[in-house]
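Engineer: sequence first, then the predicted structure, then my questions.
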Amino acid sequence: VDSALFLTTDYFLEGGTLVARPIITLTTDYGTNDHLVGTLKGVILKINPDANIVDITHNITPYDLLDGALAIGSAYSYFPARTIHVVVVDPSVGTDRRPLLVSGETQYFVAPDNGVLSLIYEREESLLVRHANVEHYYLQPVSKTFHGRDIFAPIAAWLSKGSQAASMGDEITDYKKFAMPKPKPAEGALKGVVLRVDSFGNLVTNFRPEDLPASALEHGAVQFQIGSQTVSRLVDTFAKGNPGEPFAYIGSNGFVEFGVNRGNASKALGAGRGVSVALTAS
Amino acid sequence: VDSALFLTTDYFLEGGTLVARPIITLTTDYGTNDHLVGTLKGVILKINPDANIVDITHNITPYDLLDGALAIGSAYSYFPARTIHVVVVDPSVGTDRRPLLVSGETQYFVAPDNGVLSLIYEREESLLVRHANVEHYYLQPVSKTFHGRDIFAPIAAWLSKGSQAASMGDEITDYKKFAMPKPKPAEGALKGVVLRVDSFGNLVTNFRPEDLPASALEHGAVQFQIGSQTVSRLVDTFAKGNPGEPFAYIGSNGFVEFGVNRGNASKALGAGRGVSVALTAS
Amino acid sequence: VDSALFLTTDYFLEGGTLVARPIITLTTDYGTNDHLVGTLKGVILKINPDANIVDITHNITPYDLLDGALAIGSAYSYFPARTIHVVVVDPSVGTDRRPLLVSGETQYFVAPDNGVLSLIYEREESLLVRHANVEHYYLQPVSKTFHGRDIFAPIAAWLSKGSQAASMGDEITDYKKFAMPKPKPAEGALKGVVLRVDSFGNLVTNFRPEDLPASALEHGAVQFQIGSQTVSRLVDTFAKGNPGEPFAYIGSNGFVEFGVNRGNASKALGAGRGVSVALTAS
């Protein structure tokens, strides 16, 4: 795909025909206990019965923009060109925060303008951000509490059906973006934080391999302090951890994580999201 | 769609061809921890590989017919015509309770005859309810414990493949239906109930906007009593709530709900499903 | 389908054309709280946009091979011929444990060589197990921690797109297989175990109907001891249980289970996975 060309031509028309089964992904904090996600899918399929809807996750911590940013930022690049990603973590639903339609290098993003796409802004080399305010594409009447149903899902569905992004709103440049928290020097150490706990109990930190001393990557010796506990080994596979021993490793998503071989690091270290992590020595 | 016509002709044949990818939705209390939902999908795809299966939710409170009725009742109208909704909350599986195939105005419903479709019966203007007892469409042998797999999923799949609803059973009129609980006057107040708690901790009550005094909708002043706590503001968006303040709003589904801006109303009010709510003054 | 023929010819080519929407199922212990499952689906759809991806479950108990074996073993036979099942419960990811591509009678299985396919090996009459070591089909670079993304999902996707199983690795016969735990005589009783607790709180044991005395199946009289509690009735439907009474029944999957009519047997019996169950008399 020629991404420059892609961004300036009709997205879903190639020689006059539509993409066969356009992919729309969903990332929300709606949970899966009630009808919300089902309703979103109904709205999309009513507009475009050919849409191929894929759940990324609906268990983003409620209202948590960083958690949402990490989920979509970790998954999107594995999807094919022309995928449309709907991301709804929207604590300000019903206010005048803007709905966005973002054209990345080869994919699209539909989300509220609250920074939940910050990792996309950071990683995509070319971007065009639109304020998707053309109400023609909304589901009417628009509620004050469920813009996933009334605004974000319909925009994605119409886009997948061949509607032009350019017809949905004008470009803006003052969209909201937050910086991912990076480890900072303090008290002779580098201080970071646990960004999230995954399903296995592994702790995902905001340390990157480039934050570690070269010797750590070569010899596997590190020194992390989490509360009163110390993690002193960097391994490349879980199986190299001794029973019950918390160790560090570079996660599949490029962050330093803490894990326990066949165990639960969050329990072993008594630590969860937001807990401080100090890299104290090399 | 001409619904009158629709209900009296071959459902899935238009000029001799089938609908491309017929949608079958699933609403169950099976949970997602084991193979049950996967098995249902396998059964459907083995009969009709072209079915587009959409999960509404599998986390209905086990055996809870009201919870199931609310979920399907909230979601179904957003789906396109010809969608087939399978609803399995079935505490009496294996008894002689009847399996139903319901033709609504433009959509179908497959469910046990236990009232779980009560909201559908209430909201659809025209209905034809069949006792789906033609065992030719069942998966044999039929178990006594898993009719989702053996009866409901196969009926939906054959229907989606062009089989005629009329061939699956005769019309009945004595199907089970429960009335949604409505607020009632008592002790100088209007007494209602919390129907459910959503993923954000919002409390969904059985009050409707028409139960509120006109002044409430105009000026936003209400007085709800939940246990020892009072909710005295009706707002139109979450963002208008003060930090930590529980408020009332009209939910996207048309019920009065209680929420807390970026918080959890269930925790703030110490209240959950089944808790009594009194509208004490206007 | 002629399974003998099927296993020796091009799997996805019939008269030169590909299967329309090949089904790929996913069974993992990844949970649904983060991006992992979404990433897997992206990888598959990037290779084969026509794949029809079906979740069996992502809530296998982390690292639990028996739980994974039970889930896929219970669901797979309900899927159509040519379905490809991806099963990722992989405590030894990153070691030299082998990735497998298994051709069953009519379906495929992609999984680590750790026994998680043991029930498949037990139930399929003909099998061909390959060590899927041809890295051409992997996603590069291959991480040490996320082989679901880098190895298992890509193998399934290429297979679904018409790549030949024979090109993906050579046959092996020394694959790992564990025996399902079977009830054993001890102290005058037959001793079994609770294999899992389902979403309703029902206890699935490793007893089979053939382990029961003939009189039990005829007259419904059994005597199971679980801790200090006794279960003395075998019924054929839940509705035959008295309120609060734990009873035994033959589950839809062929195991003896304990349930409570509209209740939770795990709570009623104070028992969960791994708890011992004794069949003490007939």
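Structural biologist: Thanks, I have the structure now.

Engineer: just say helix, strand or coil for residue A:218.
Structural biologist: Recorded secondary structure, residue A:218: helix (DSSP: H, G, I helix; E, B strand; the rest coil).

Engineer: since we're on residue A:191, how many residues are nearby?
Structural biologist: Counted with other Cβ atoms under 10 Å in any protein chain shown, residues neighbouring residue A:191 total 16. C-beta: built from backbone N, CA, C; applies to glycine.

Engineer: give me the phi and psi angles of it.
Structural biologist: Residue A:191 adopts backbone torsions of phi -100, psi 120, taken as degrees, to the nearest 10.

Engineer: dig out what the nearest residue to it once chain neighbours are set aside forms beta bridges with.
Structural biologist: Closest residue to residue A:191 apart from its sequence neighbours, by Cβ to Cβ, 6 or more residues apart in numbering or on different chains: residue A:278 at 5.2 Å. As for beta bridges, residue A:278 partners with residue A:191, residue A:225 under DSSP bridges.

Engineer: just checking, residue A:278 touches residue A:227?
Structural biologist: No. If you go by Cβ atoms under 8 Å, residue A:278 and residue A:227 don't touch, sitting 10.0 Å apart.

Engineer: these two: who's more crowded?
Structural biologist: Using other Cβ under 10 Å as the criterion, residue A:278 and residue A:227 rank with residue A:278 on top: 19 against 12.

Engineer: give me the residue at the spatial middle of chain A.
Structural biologist: Taking Cα atoms, centre = their mean, the centroid of chain A lies closest to residue A:72, which sits 2.2 Å from it.

Engineer: for that residue, pull up the helix or strand it's in.
Structural biologist: helix A:65-75 (DSSP states H and E).

Engineer: from the chain's centroid, how far away is that helix?
Structural biologist: 2 Å (Cα atoms, centre = their mean, to the nearest Å).

Engineer: repeat that for stretch A:183-192.
Structural biologist: Centroid separation for stretch A:183-192 versus its chain: 26 Å, with Cα atoms, centre = their mean.

Engineer: circling back to that earlier point, OK, contacts around the residue nearest to the centre of chain A?
Structural biologist: Applying Cβ atoms under 8 Å, 6 or more residues apart in numbering or on different chains, we find residue A:72 in contact with A:27, A:56, A:85, A:87, A:109, A:116-117, A:119-120, C:35.

Engineer: next step: the residues you listed restricted to helices.
Structural biologist: A:119-120 (DSSP state H).

Engineer: just the contacts of residue A:72: which are in strands?
Structural biologist: Among the contacts of residue A:72, the ones falling in strands (DSSP state E) are A:27, A:56, A:85, A:87, A:109.

Engineer: quick check: the fourth one touching residue A:109?
Structural biologist: Yep, that's residue A:87 we're talking about. Yes. The criterion here is Cβ under 8 Å, and residue A:87 meets it with residue A:109 at 6.5 Å.

Engineer: returning to what we had before: quick one: the helix holding residue A:72 to strand A:84-88, angle?
Structural biologist: With axes from the mean of the first three to the mean of the last three Cα atoms, to 10 degrees defining the directions, helix A:65-75 sits at 160 degrees from strand A:84-88.

Engineer: OK, contacts around the residue of the stretch 101-250 of chain A found nearest chain B?
Structural biologist: At 3.6 Å from chain B, residue A:146 is the closest residue in the stretch 101-250 of chain A, using Cβ to the nearest Cβ. Going by Cβ under 8 Å, 6+ apart, residue A:146 touches A:36, A:93, B:252.

Engineer: and the first one, what's its pLDDT?
Structural biologist: Per-residue pLDDT puts residue A:36 at 95.

Engineer: what does the last one give?
Structural biologist: pLDDT for residue B:252: 83.

Engineer: same question for the one 10 residues further on.
Structural biologist: At residue B:262, the predicted lDDT confidence score is 88.

Engineer: quick one, what contacts it?
Structural biologist: Residue B:262 makes contact with A:63, A:91, B:238, B:243 under the criterion Cβ under 8 Å, 6+ apart.

Engineer: that one should be in a helix, yeah?
Structural biologist: No. Read with three-state DSSP, residue B:262 is coil and lies in no helix.

Engineer: now it: phi and psi?
Structural biologist: Main-chain dihedrals, residue B:262, degrees, to the nearest 10: phi 50, psi 20.

Engineer: any idea how far residue B:242 is from it?
Structural biologist: Taking Cβ to Cβ, to the nearest Å as the measure, residue B:262 falls 11 Å from residue B:242.

Engineer: what does residue A:217 give?
Structural biologist: From residue A:217 across to residue B:242, the span is 50 Å (Cβ to Cβ).

Engineer: which one's more surrounded, these two?
Structural biologist: Shown here are residue A:217 and residue B:242; by other Cβ under 10 Å, residue A:217 has more neighbours (15 against 11).

Engineer: that one against residue A:208, yeah?
Structural biologist: No. Judged on Cβ under 8 Å, residue A:217 makes no contact with residue A:208 at a distance of 11.5 Å.

Engineer: circling back to that earlier point, for residue A:278 and residue A:227, list the residues in contact with both.
Structural biologist: Shared contacts of residue A:278 and residue A:227 (Cβ under 8 Å, 6+ apart): none.

Engineer: still on that earlier bit, so what's the residue nearest to residue A:191 up against?
Structural biologist: Going by Cβ under 8 Å, 6+ apart, residue A:278 touches A:187, A:189-192, A:224-226.

Engineer: noted, bye for now.
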